[in-house]
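1. Give me coordinates for this.
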Amino acid sequence: MPPVPVKPPPARSPGALPPRAGMPPAQKVGAKVVQIVRPRVLAVDDTPDALRQLRDCLKALNAECFTCGSGNSAVEFLGKELVDLAIVDVSMPGMDGFEVCRAIKHDPRTADIPVILVTGDIKSEDTNRGIELGAFDYLTKPVDPHECTVRVHAALQMKRLMEELKVQLMAPEEQRRAQAELTQKMTDFQHGMTTTHWQKRFGQLAASFVDDIHFPLAHALASLQILMVDERLKDDVRQRLLLLHAQFRKVNDHLRRLINISVYSRSPQLLRPAELVADVTRLLEPEFTYHGIVLDLQLDPTIEWWGMRSEISRAILYLLHNAIEAHTEKGPVIKRRFEDEGDEEPSKDDPNKVPIIMVLAEQTGDTIVIQIRDNGPGIPPELHERIWDPYFTTKTPPHTGAGLHLARAIVRAAGGEIQLQSPGPACSTQFSVVLPVNVILEEPPVEEAPPEEPSPEEAEPSLSEEADAALTASQAQEEEPAAQA
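-> Alright, predicted model coming up:
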């Protein structure tokens, strides 16, 4: 596919940001630079459908997208034009993605352009090779729109930080104070991106492992049930089989919870928010125990909601992780068997001494509310808006800050919203997931009983009744003259 013809922009220095359309070039004021208003992104793939999908993802970022169908055409295009980001497919005939990345990084004119490699199967050797060549990040096929948005935003933010660092190095001596802070910020950012990448890779391996052992475990449970029905078994053997069945059942329930979160739901279904919250908290139970966090669940089991199980479960998981991280600075709670027996227990009257996370699920009017509260340090008012930005965090690495951004994107895609209160009611921080009620329970109409029709015996008097009436009338006529005499 030949490169899309574009109108040549005005000349600018290598790596410089493009000027806003209809406005003069941005002027530098001291050490300040204008942020990327409309980034220029180059997408390289030999498949038209993949290019179309990338173009749709980039439109949401208001990016100026250029496409090339081969590695050679991409290198030729970059020889004439500069972009702010390159998204390159690894598997292409002729010049593959690794060679394109090497060509970009070896050219001083394009060396500062971040490169995101796209592949259908991430292998450890391929990942190491791409990082050694200077690739910034990876995307897996099929490309998830939310993940693409977050990683493209991260790459553009890194490009902006690099531009700011260059300006700082060229600025006068009095404007170089922020150099160390900016360099540390970039180092932490890269460390967080690397950690996120490996966590995603391990998550994919875990999901594949869970899917592989799910069916054998189900067959093992069925076989145990058949064996326990046998009347010839001895009591001790039956007890061992019952114990083994209980353990297998526990593992099977845990795998079911993992599958509900890791496997993408293909279609919406009828859900109970109380069950979703209970499943996610059971998965996080080891973390609650490790950090000594007291979990308080107040869930209404009668609430029903129609939506995607995996997506809303991930949103709840992100929010619960955020609440756990609010207490992790204190370190794990470890008690020694004999030395701590005389230690004074913390007072329950002071909630700040005991880390507490409370989860409530209730329906109020036409909305379903899932509240996650914690008594951690809280969030300053000036950060109430910034915490939703991708990769903004007040915590140290490996925390990246992407969880809250992804949680809000998921809830908004479901037609809801996440609200923040800090301080909240009787807590330090409260996140409220507000979802619209989309399940209406219709009461069956009450059928009125038809009026009872009179029986034929009641409708028409019988012959015996007519005879009795005539006899009574004749007796009355005979008694009248006697009464007159």
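
2. give me the low-pLDDT residue ranges for the stretch 51-200 of the chain?
-> Applying pLDDT under 70 to the stretch 51-200 of the chain flags the ranges 122-126, 168-181, 183-200.

3. Same check on the stretch 351-485 of the chain?
-> Using pLDDT under 70, the stretch 351-485 of the chain drops low at 351-353, 391, 396-400, 440-485.

4. Show me what secondary structure element comes after the helix or strand hosting Arg55.
-> Arg55 is part of helix 48-59, with elements assigned from DSSP states H and E. For helix 48-59, the succeeding helix or strand toward the C-terminus, using DSSP H and E, is strand 64-68.

5. List of residues touching the helix or strand just after that next one?
-> Sequence-wise, the next helix or strand downstream of strand 64-68 (DSSP H and E) is helix 71-80. The contact list for helix 71-80 (CB atoms under 8 Å, 6 or more residues apart in numbering) reads 1-3, 8, 42, 44, 66, 68, 86, 88, 92, 94-97, 99-100, 103-104, 107, 110, 113. C-beta coordinates here come from the backbone N, C-alpha and C atoms, glycine included.

6. Tell me which other helices or strands the helix holding Arg55 touches.
-> Judged by 3 or more CB pairs under 8 Å, 6 or more residues apart in numbering; DSSP states H and E, the packing partners of helix 48-59 are strand 40-44, strand 64-68, helix 145-170.

7. could you dump those to a markdown table with mean neighbour count and distance to Leu224?
-> Below are the helices and strands packed on helix 48-59 laid out as a markdown table (neighbours: other CB atoms under 10 Å; distance: least, CB to CB, whole Å):
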| stretch | mean neighbour count | distance to Leu224 |
| --- | --- | --- |
| strand 40-44 | 25 | 53 |
| strand 64-68 | 22 | 56 |
| helix 145-170 | 18 | 40 |
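
8. do you know how far the residue lying closest to Leu156 once chain neighbours are set aside is from Arg109?
-> Spatial nearest neighbour of Leu156, excluding adjacent residues (CB to CB, 6 or more residues apart in numbering): Pro39 at 5.3 Å. If you measure Pro39 against Arg109 using CB to CB, to the nearest Å, the figure is 18 Å.

9. which one of those two has more residues nearby?
-> Neighbours were counted for Pro39 and for Arg109 using other CB atoms under 10 Å; Pro39 has more, 23 against 13.

10. any idea how far the more buried one lies from Gly130?
-> Applying CB to CB, the value for Pro39 to Gly130 is 22 Å.

11. wait, isn't the residue nearest to Leu156 in contact with Glu64?
-> Yes. At 7.0 Å, Pro39 counts as touching Glu64 under the criterion of CB atoms under 8 Å.

12. wait, what's in contact with Asp96?
-> Residues in contact with Asp96 (CB under 8 Å, 6+ apart) are 71, 90.

13. ok, 10 Å please
-> By CB atoms under 10 Å, 6 or more residues apart in numbering, the contact set of Asp96 is 46, 70-71, 88-90, 117.

14. For those, which two are the farthest from each other?
-> In the contacts of Asp96, two members sit farther apart than any others by CB to CB. They are Ser70 and Leu117, at 15.6 Å.

15. Can you pick out the residue with more neighbours from those two?
-> It is Leu117, of Ser70 and Leu117, that has more neighbours when counted by other CB under 10 Å, with 26 against 21.

16. Which helix or strand contains that one?
-> strand 115-119.

17. Just send the helices and strands packed on helix 48-59 back as CSV, with distance to Leu297 too.
-> Below are the helices and strands packed on helix 48-59 laid out as CSV (distance: least, CB to CB, whole Å):
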stretch, distance to Leu297
strand 40-44, 45
strand 64-68, 46
helix 145-170, 28
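
18. if we can go back for a sec, surely the residue nearest to Leu156 touches Asp84?
-> Yes. Judged on CB atoms under 10 Å, Pro39 makes contact with Asp84 at a distance of 4.4 Å.

19. Quick check: the residue nearest to Leu156 vs Val229, distance?
-> Pro39 is 66 Å from Val229, by CB to CB.

20. Could you do Asp279 as well?
-> Note on Asp279: its distance to Val229, by CB to CB, is 30 Å.

21. Asp366 too?
-> To Val229, Asp366 is 50 Å away according to CB to CB.

22. Check Asp374 too.
-> For Asp374, the distance to Val229 (CB to CB) stands at 48 Å.

23. circling back to that earlier point, buried residues in the helix holding Arg55?
-> Within helix 48-59, the residues scored as buried using 16 or more other CB atoms under 10 Å are 50-51, 53-54, 57-58.

24. Any chance of these in a markdown table with distance to Val437 as columns?
-> Formatted as a markdown table, those follow (distance: CB to CB, whole Å):
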| residue | distance to Val437 |
| --- | --- |
| Ala50 | 39 |
| Leu51 | 41 |
| Gln53 | 34 |
| Leu54 | 37 |
| Cys57 | 31 |
| Leu58 | 35 |
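
25. Just give me the closest of these to Leu404.
-> Of all these, Leu404 sits closest to Cys57, with 20.9 Å by CB to CB.

26. which residues sit in contact with the closest residue in space to that closest one that isn't next to it in sequence?
-> Excluding the flanking residues, the one nearest Cys57 by CB to CB, 6+ apart is Cys148, at 4.3 Å. Cys148 makes contact with 53-54, 56-58, 60-61, 87, 116, 118, 139 under the criterion CB under 10 Å, 6+ apart.

27. same deal with Pro114?
-> Pro114 makes contact with 83-87, 104, 134-137, 151-152, 154-159, 162, according to CB under 10 Å, 6+ apart.

28. repeat that for 8 Å
-> Residues near Pro114 by CB under 8 Å, 6+ apart: 85-86, 136-137, 155-156, 158-159.

29. Dump those to TSV, plus distance to Lys166.
-> Listed next are the contacts of Pro114 as TSV, based on distance: CB to CB, whole Å:
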residue	distance to Lys166
Leu85	17
Ala86	19
Phe136	17
Asp137	21
Ala155	17
Leu156	16
Met158	13
Lys159	11
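
30. Grab the two from the residues you listed that are most spread out in space.
-> Applying CB to CB across the contacts of Pro114, the maximum distance is between Ala86 and Met158, 13.1 Å.

31. packing partners for the strand holding Leu117?
-> Secondary-structure packing of strand 115-119 (3+ CB pairs under 8 Å, 6+ apart): strand 85-89, helix 97-106, strand 137-140, helix 145-170.

32. Put together JSON lines for those, with distance to Thr302 on each row.
-> Listed next are the helices and strands packed on strand 115-119 as JSON lines, based on distance: least, CB to CB, whole Å:
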{"stretch": "strand 85-89", "distance to Thr302": "47"}
{"stretch": "helix 97-106", "distance to Thr302": "52"}
{"stretch": "strand 137-140", "distance to Thr302": "40"}
{"stretch": "helix 145-170", "distance to Thr302": "31"}
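
33. can you map out the strands along this structure?
-> Counting by DSSP state E, the segments of the chain that form strands are 40-44, 64-68, 85-89, 115-119, 137-140, 269-271, 294-299, 305-307, 356-364, 367-374, 417-421, 429-436.

34. what angle sits between the longest one and strand 367-374?
-> Calculated by axes from the mean of the first three to the mean of the last three CA atoms, to 10 degrees, strand 356-364 forms an angle of 170 degrees with strand 367-374.

35. that older thread, of all the contacts of Pro114, which comes closest to Pro268?
-> Asp137 (30.9 Å).
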